[in-house]
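Enquirer: below are the sequence and a predicted model for it; my questions follow.
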Amino acid sequence: MDKRQEIEALHALYCELTGQQIFLNLSRESEWFEWLRFRRHLPFTADDLRAVIAHRQRRLRAGEVTEAALKFSKVVGQPDFFEEDLGVEMARRRTPKVDAGRAAVLAATGREVRSAECGVRSAGEVLAADEAFKKLVEFRKSLE
């Protein structure tokens with residue numbers, strides 16, 4: 001697949017995922033080209049685009065961002081922010097889901113949380129990691 005076909009496919013995917021129907025003009029084609037070149041040795045992929053759009057849609061539903069977070073200029077036109085959102089989303093996916101109520105009870109009683117993803121950790125460690133992730137998300141929001 002040549003670059004033009006790759007850009008057309010990515011643009012079609014962006015339109016599908018966001019529900020927007022915007023034309024692929026010369027300016028947007030140039031932004032896609034720069035987006036693909038942003039990380040020369042490990043370029044962004046269609047899966048990365050899916051992950052970041054899903055991340056931003058989740059934040060939109062939670063009321064943390066406005067619809068502007070899905071604008072083409074914000075998603076593709078700012079690859080440095082895209083990369084940061086991708087990192088946050090990948091970290092979120094690696095973080096095991098822990099019921100905060102359960103973890104609080106386990107911490108209060110001095111017991112451990114067992115997880116296939118991370119082995120045995122104290123409930124306090126799980127709560128601390130969850131709190132650190134929340135602070136990272138809040139910091140990222142403050143930059144927007």
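Expert: All right, it came through fine. Numbers count the residues shown, from 1 in each chain.

Enquirer: what about the helices in this structure?
Expert: For the chain, the helices defined by DSSP state H cover 3-18, 26-37, 46-61, 72-75, 79-94, 100-108, 123-143.

Enquirer: could you give me the buried positions within the first one?
Expert: Just to be clear, that refers to helix 3-18. Ile7, Leu10, His11, Tyr14, Leu17, Thr18 (16 or more other C-beta atoms under 10 Å). Quick note: C-beta positions are derived from backbone N, CA and C, even for glycine.

Enquirer: hmm, what's the outermost residue in this protein?
Expert: Distance from the C-alpha centroid of the chain peaks at Thr109, with 34.5 Å (C-alpha atoms, centre = their mean).

Enquirer: look up phi and psi at Phe44.
Expert: When read as degrees, to the nearest 10, the backbone of Phe44 gives phi -60, psi 150.

Enquirer: any idea how many residues pack against Asp85?
Expert: 22 (other C-beta atoms under 10 Å).

Enquirer: I meant to write Phe44 there.
Expert: Phe44 has 20 nearby residues by other C-beta under 10 Å.

Enquirer: distance of it relative to Arg4?
Expert: Plainly put, Phe44 is 17 Å away from Arg4 if you go by C-beta to C-beta, to the nearest Å.

Enquirer: before we move on, what about Val137?
Expert: Taking C-beta to C-beta, one finds Val137 at 36 Å from Arg4.
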